[in-house]
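1. need coordinates for the below:
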Amino acid sequence: MSGIEAFWDNDDHSIVYMLFSGKWTWDDFYIVDRQVIAMEKDGGDQIDVIVDLRYSSGLPPNTLLHVKNIADRQSEKIGVNVLVTNSPLVHNLYKVGSKVYPQINQYFCVAESPEEARTIIGEARQSIHQSSSVS
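-> Here you go, the predicted structure:
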């Protein structure tokens, strides 16, 4: 059984919450990712994603390669992906990955809690709204 679940975080279907627990593989991820893609059809114009890794027992091999592939094929409806973790390893991988693949910064950021993730998403949406109302 997969250690990954995906569900709506809010009633207006604008934030998907992905909860990772225990051991999981990239095959598990891509199965759930297809579910998230299907969920996008029920969502609004922009969908942000909270990726909660706090209960995961670790990351599968080749994480940076997979993160780059995920970033390269992001749907236009997906806004920001916020990784929720207290893991120094994930924070360091994010720092390294954002230097090696700068485009990752367009799609991913890191938070310590789901509440912080929601704040980051709210600020990103406000920034987009302000920039679109200026033009």
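2. what does the strand ranked longest in the chain contact?
-> Taking DSSP state E as the criterion, the chain has its longest strand at strand 47-56. Among residues not part of strand 47-56, those counted as contacts by Cβ atoms under 8 Å, 6 or more residues apart in numbering are 3, 9, 13-24, 36, 39-40, 59, 75, 77-87, 90, 114, 117-118, 121, 124-125. C-beta coordinates here come from the backbone N, C-alpha and C atoms, glycine included.
3. quick one: buried ones out of the residues you listed?
-> Restricting the contacts of strand 47-56 to buried positions leaves 3, 9, 14-20, 24, 36, 59, 78-85, 87, 90, 114, 117-118, 121, 124-125, with burial counted as 16 or more other Cβ atoms under 10 Å.
4. which of those residues fall within strands?
-> Per DSSP E, strands hold the following members of the buried ones among the contacts of strand 47-56: 15-20, 78-84.
5. which of the residues in the strand or helix carrying R34 are buried?
-> Using DSSP states H and E, R34 maps to helix 26-40. For helix 26-40, the buried set under the neighbour-count rule, 16+ other Cβ under 10 Å, comprises 26, 28-29, 32-33, 36.
6. packing partners of it?
-> Using 3 or more Cβ pairs under 8 Å, 6 or more residues apart in numbering; DSSP states H and E as the contact criterion, the secondary-structure elements in contact with helix 26-40 are strand 4-8, strand 15-22, strand 47-56, helix 63-72.
7. now do that helix against strand 15-22, angle only.
-> Here helix 26-40 points in a direction 160 degrees away from that of strand 15-22 (axes from the mean of the first three to the mean of the last three Cα atoms, to 10 degrees).
8. mean confidence for helix 26-40?
-> In this model, helix 26-40 carries a mean pLDDT of 92.
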